[in-house]
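1. Below are the sequence and a predicted model; questions follow.
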Amino acid sequence: MRLSNLADYAVVTMHAAARHCGGGRTSAAELAAETGLPVPTVQKLVSKLSAAGLLRSVRGAGGGLQLARPAAAISVADIVEAVEGPIALTACVEGQDCTIGHDCSVRPHWPVINTALRGALADIPLTRLSAEVA
């Protein structure tokens, strides 16, 4: 399994936004400069992350973007789902057609696997991404 580039970039963008915690605000252009991502990509991500309630935009003088909740309360799962939708390794779990769906003995087990994967990502708060890797 591999995350899409957009989901990867969303985690990078949120990590950069978290560095502005404590009342500091930033902009999509600043986040793009800090991450090395193209401004249009960051703008698209900001829209998705805002719609998911992870970022908020403050208007007016001194306005800008900030985390919508504390970094410790935002998980990698939250970020990935904001961009990708529900975490699922197979399409059949999402109700999409499968050529062997009616005979598949594994299908009933995919929700357990998906829940475990989501749980692992949910256990990684945004603050942990700032910790030094040993």
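-> Thanks, I have it.
2. how near is the spatially closest residue to A73 that is not a sequence neighbour to C92?
-> Distances taken as Cβ to Cβ, 6 or more residues apart in numbering put P125 closest to A73, at 7.3 Å, once the chain neighbours are dropped. Just so you know, the C-beta spots here come from the backbone N, C-alpha and C atoms, and that holds for glycine as well. Using Cβ to Cβ, to the nearest Å, P125 is found at 31 Å from C92.
3. Also V106?
-> For V106 relative to C92 (Cβ to Cβ), the value is 9 Å.
4. Could you pull up the residues touching the residue most central in space within the chain?
-> Of all residues in the chain, the one closest to the mean position by Cα atoms, centre = their mean is I79, 1.5 Å from it. Shown in contact with I79 (Cβ atoms under 8 Å, 6 or more residues apart in numbering): 7, 10-11, 14, 49, 54, 126.
5. V12 and L37 touch, don't they?
-> Yes. Checked against Cβ atoms under 8 Å, the pair V12 and L37 is within contact range at 7.0 Å.
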